[in-house]
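**Q** Provided below for reference: sequence and predicted model.
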Amino acid sequence: MADTALHAADHASDHGHHSSTGLSNNKLAMWLFLGSECLLFGGLISTYMLYRGRVSDGPHPSQIYDIPFTSVSSFVLLMSSLTMVLAVTAAQRKDDRRTNLWLTVTAVLGATFVGGQVYEFTTFIREGLGFTTSLFGSSFYTLTGFHGVHVSVGVIFLLSTVGIIKKNKITGNKSEVVELVGLYWHFVDIVWIIIFTLVYLIPA
Amino acid sequence: MAIIERPGSDTAPAVVTPSQTMGAVKRPVETKGWKEWLFTVDHKKIGIMYGVVAMFFFVVGGIEALLIRLQLAAPNGTILSADQYNQMFTMHGTTMVFLFAMPMAGAFANYFLPLQIGARDVAFPRLNALSLWLLVAGGIVLNLSWFLGGAADGGWFMYAPNSGPVFSPSNGVDYWILGLQIAGVASLIGSINLIVTVLNMRAPGMSLMKMPVFTWMILVVQFLLVFSLPVITVALVLLMFQRSYGATFFDVSQGADPLLWQHLFWIFGHPEVYVLILPAFGIISEVLPTFARKPLFGYPFVVFSGASIGLVGFGVWAHHMFAAGLGPVSVAVFSIATMAIAIPTGVKIFNWLLTMWGGKIWYTTAMKFAIGLVILFTVGGLSGVTHSVAPSDTQQTDTYYIVAHFHYVLFGGMVFGLFSGFYYWWPKVFGKLLNEKLGSWNFWLMVIGMNLTFGPMHILGLQGQPRRMYIWTEARAGEGFFNLGFWNLVASIGSFILAAGVLFFLINVVYTARKGKQAPLDPWDARTLEWLTTSPPKPHNFDRIPVVHHLDEYFHRKYEEDTATHTMKKVAEGEDLIRAEEEAADSDIHLPSASYWPIVLAFGVGVLCMGVIYGVPIMVLGAAIVLFASYGWVLEPSVAEPIDFEPPSADGSTKEIAPLG
């Protein structure tokens, strides 16, 4: 038993790359990074949950959330996960044109979400909820802002990937690079589902 | 070193003409002198630089400690003002934890982990370099505060709201936040890198349960870091937003909860304690069997107790907060969890004792430090158990008793483990043996100094001397055997004996570099794979990747069991094994190429963070550098293209090295 395992390992090492887990280094690293990110958002969400009802000044959460608007922008973000999946499958089929197309669509949807967030923030500020107004304000903007920055970074990843594929400058396995960007993108979407539920849907 | 080594070929290392990157910057070629170090991605060079940086900060933190002890040596000390004293103990703690202990463990991990698992480098060599340079950037940002208006003064755990803008108006805390944030990112990257390395790049045949204990403990530590660092990142971000941008997270007048910081900090801070001690446990788990000439007693127990210390370590953070008034249920739960963690720790102590039991012990300096750890850590561990009893802890909180406890576990435990590692592995890294006579002075002065310094602190603490008090007065010192004055003086004298011990180490390093004798290939009759290569190792570590059949593979290649007497008989010397490896060497070993980008990116991050204090233009400048370096990084293959070789390489792929990183 042990001998066959050893033999298999020997065999793998003959072909250059071998990895003991079967996952590539890049993918394993991305999973670990996302695991770490869970705790980052965990901390931010906990802070928000602790402070969401603490309004010494300015509007209360129930007074300013515009659930229909945020639902629409959430829907846009979730649809971007679908287009991301299409990009990954296109990359696995080695179809560069479709890959680039779906990556661009994903980026546009992501940018739309960020645009919606900018609009939402400016509306809230007009209604009197500043970053420094109350504990609710500080923790709301920090949590959703951090998520927004993650989406924006994702958009930069997507567009950079498109650019690098177009110039044929990708180092390493192309479909895996797209898949890694996809992992990050889906993670950011999943976090938004949690934030949307906890922040907007459950009343403070 | 040329960027590509090709052992096995008759000619000199292959010449490489690099492709241009970003159309503007060529990657460094034929690096020599200082460039060889600044742009390297070799895990061994990076490991050595980690060690140098950590040692520098050990001396800095040590000087801060000596100033603290000078201030407290006599009543009404005048060496430091109250304000300076606050800065001194804050920076002493911060420096020792984040800039000495973690990087020094990182130095050992970087250097020896790939060697112990039979790999040619870590999974992501450029990220490895980035971790190092980010750490340096973080250390610089932290310590710049001394020259730019005063250092942080809130204690190493920087409780908010005390560290808010009202109570800490200088920029010291801002530098502290930014410095730790950068160092935190460095550790996070490093930990992901090392986990991937261990999980993916072990030599064929090396199952997890055939891994050396040091590698195991480092693996556990990296998991602790991956899941605890983001929590302190959140805490630091909240505090930064409050101090620099007017957020209200810790503003009690707005209804903020002062416990928020404490929870966030200690959810990170307690796993951090095990981040500090487990590498030392790993080191002595290599040293004790080697010098007792016996296999480690109960290898699986040592491994799993280490892993369970890591796991339970995530569930005990609130024992730092017993005095905060958490309520009886929380206190009971955390109290019991804390007691429980003593069990795996005790298991380890007994395993080490039984490893030595009946062994032919060879009292080298490395072994002395390892035995020192077992004894001194046990003392610190026992006072730790007294903290887990909440009523007793409530009495001890913020007294010198706490200071005594964590210095016994961290100095007596961690530092002794690291020193044991220095003496054990020095011949591997530098090819020379540290002097044993100077080593003996080093050890005994440190043992005496450390017990004189931290032993009396138990008494001081139980007598009620608060920690972080910048003076004590004759009138309050009391009388008789337990008077504070006498024991404070003893502690201060002890600290200088301790410093003398460390000085002997530094003298030993210089002496060894100048006059040290060449080390034999296998000076300690060692047991693990890192010795299956030359000292210092070749750039590609192993001439061929070893195939592992046993735990303690190297030992089993040297020894075979004599079936008649059931004893182990030496059948091969280290030299024989190396010769066999060289004869069967792989050809065309491609090593990852040097790169400018890690150091440039780290510099950009430093500039970016300074923008938080010095305004948006600086921030934009930093962001531009970061962006530029990131694109340069992405567009640069980690190994020179096959076409760049002279003559072009037939074998385009790399061996053992990830294509990206």
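**A** Happy to help now that I have it.
**Q** For the rest of this, base every contact and every neighbour count on C-alpha atoms.
**A** OK.
**Q** B:Ile589 contacts B:His540, correct?
**A** Yes: between B:Ile589 and B:His540 there is a contact under C-alpha atoms under 8 Å: 7.4 Å.
**Q** all strands of chain B, in order?
**A** Along chain B, the segments classed as strands by DSSP state E run B:15-16, B:20-21, B:25-26, B:559-562, B:567-570, B:645-646.
**Q** Now the weakest link among those, please, by mean pLDDT.
**A** With a mean of 50, strand B:645-646 has the lowest mean pLDDT of the strands of chain B.
**Q** shaky segments in the chain?
**A** Using chain A here. A:1-18, A:171 (pLDDT under 70).
**Q** Switch to chain B, please.
**A** B:1-27, B:29-31, B:638-661.
**Q** The stretch 401-550 of chain B: helices as residue ranges?
**A** For the stretch 401-550 of chain B, the helices defined by DSSP state H, counting those that start in this stretch occupy B:416-430, B:436-462, B:484-515.
**Q** ok, now chain A?
**A** Using DSSP state H, the helices of chain A run over residues A:2-14, A:25-51, A:61-64, A:67-92, A:96-126, A:135-166, A:174-195.
**Q** Does anything pack onto the second one? Which helices or strands?
**A** Contact analysis of helix A:25-51 by 3 or more C-alpha pairs under 8 Å, 6 or more residues apart in numbering or on different chains; DSSP states H and E lists helix A:135-166, helix A:174-195, helix B:172-200, helix B:213-245 as its packing neighbours.
**Q** Kindly reformat the ones you listed as JSON lines containing distance to B:Val333.
**A** Below are those laid out as JSON lines (distance: least, C-alpha to C-alpha, whole Å):
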{"stretch": "helix A:135-166", "distance to B:Val333": "29"}
{"stretch": "helix A:174-195", "distance to B:Val333": "29"}
{"stretch": "helix B:172-200", "distance to B:Val333": "29"}
{"stretch": "helix B:213-245", "distance to B:Val333": "20"}
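**Q** of these, which approaches A:Leu32 most closely?
**A** In terms of C-alpha to C-alpha, the element of the helices and strands packed on helix A:25-51 nearest to A:Leu32 is helix B:172-200, at 6.3 Å.
**Q** which phi and psi does the residue of chain B positioned farthest from its centre have?
**A** Most distant residue from the mean C-alpha position of chain B: B:Ala564, 45.6 Å away (C-alpha atoms, centre = their mean). With angles defined as degrees, to the nearest 10, B:Ala564 sits at phi -70, psi -50.
**Q** picking up where we left off before, a markdown table please, covering the helices of the stretch 401-550 of chain B and showing distance to A:Tyr48 and mean neighbour count.
**A** Below are the helices of the stretch 401-550 of chain B laid out as a markdown table (distance: least, C-alpha to C-alpha, whole Å; neighbours: other C-alpha atoms under 10 Å in any protein chain shown):
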| stretch | distance to A:Tyr48 | mean neighbour count |
| --- | --- | --- |
| helix B:416-430 | 41 | 24 |
| helix B:436-462 | 39 | 22 |
| helix B:484-515 | 45 | 20 |
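**Q** Give me the distance between the residue nearest to B:Gly381 when sequence neighbours are not counted and B:Met96.
**A** Closest residue to B:Gly381 apart from its sequence neighbours, by C-alpha to C-alpha, 6 or more residues apart in numbering or on different chains: B:Val409 at 6.6 Å. Separation of B:Val409 from B:Met96 (C-alpha to C-alpha, to the nearest Å): 14 Å.
**Q** So between the two, which is more surrounded?
**A** Under the criterion of other C-alpha atoms under 10 Å in any protein chain shown, the comparison of B:Val409 against B:Met96 puts B:Val409 first, with 25 against 22.
**Q** which residue sits closest to B:Ile349, ignoring its sequence neighbours?
**A** In space, B:Ile349 is closest to B:Val374, 6.6 Å off (C-alpha to C-alpha, 6+ apart).
**Q** doesn't B:Phe377 make contact with the residue nearest to B:Gly381?
**A** Yes: counting by C-alpha under 8 Å, B:Val409 does reach B:Phe377; the two are 4.9 Å apart.
**Q** And the helices and strands packed on helix A:25-51: which comes nearest B:His320?
**A** Smallest distance to B:His320 across the helices and strands packed on helix A:25-51 (C-alpha to C-alpha): 15.4 Å, for helix B:213-245.
**Q** Which positions in the closest one come out as buried?
**A** B:213-243 (16 or more other C-alpha atoms under 10 Å in any protein chain shown).
**Q** Equivalent analysis for stretch A:187-204, please.
**A** So stretch A:187-204, judged by 16+ other C-alpha under 10 Å, has buried residues A:Phe187, A:Val188, A:Asp189, A:Val191, A:Trp192, A:Ile193, A:Ile195, A:Phe196, A:Val199, A:Tyr200.
**Q** who are the neighbours in contact with the fifth one?
**A** Okay, so that is A:Trp192. By C-alpha atoms under 8 Å, 6 or more residues apart in numbering or on different chains, A:Trp192 lies in contact with A:Ser74, A:His147.
**Q** circling back to that earlier point, can you put the helices of the stretch 401-550 of chain B in a markdown table and add distance to B:Ala324?
**A** Shown next, in a markdown table, are these (distance: least, C-alpha to C-alpha, whole Å):
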| stretch | distance to B:Ala324 |
| --- | --- |
| helix B:416-430 | 33 |
| helix B:436-462 | 19 |
| helix B:484-515 | 27 |
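**Q** want to try TSV for those, with distance to chain A as columns?
**A** As requested, these are arranged in TSV below (distance: least, C-alpha to the nearest C-alpha, whole Å):
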stretch	distance to chain A
helix B:416-430	27
helix B:436-462	34
helix B:484-515	37
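**Q** Which among those helices is found nearest to A:Leu34?
**A** helix B:416-430 (31.7 Å).
**Q** CA atoms of that closest one as CSV?
**A** Taking C-alpha atoms only, helix B:416-430 is exported to CSV below (Å, rounded to 0.1, in the frame of the first residue of the first chain):
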residue,chain,number,x,y,z
PHE,B,416,15.8,29.8,24.7
GLY,B,417,14.4,27.7,22.0
LEU,B,418,15.6,30.1,19.3
PHE,B,419,19.1,30.2,20.9
SER,B,420,19.1,26.4,20.9
GLY,B,421,18.3,26.6,17.2
PHE,B,422,21.2,29.1,16.6
TYR,B,423,23.7,26.7,18.1
TYR,B,424,22.2,23.6,16.5
TRP,B,425,21.8,25.0,12.9
TRP,B,426,24.7,27.5,12.7
PRO,B,427,27.0,24.9,11.1
LYS,B,428,24.3,24.2,8.5
VAL,B,429,23.8,27.8,7.6
PHE,B,430,27.4,29.1,7.7
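**Q** Which strands or helices does that helix pack on?
**A** Using 3+ C-alpha pairs under 8 Å, 6+ apart, helix B:416-430 sits against helix B:259-292, helix B:365-388.
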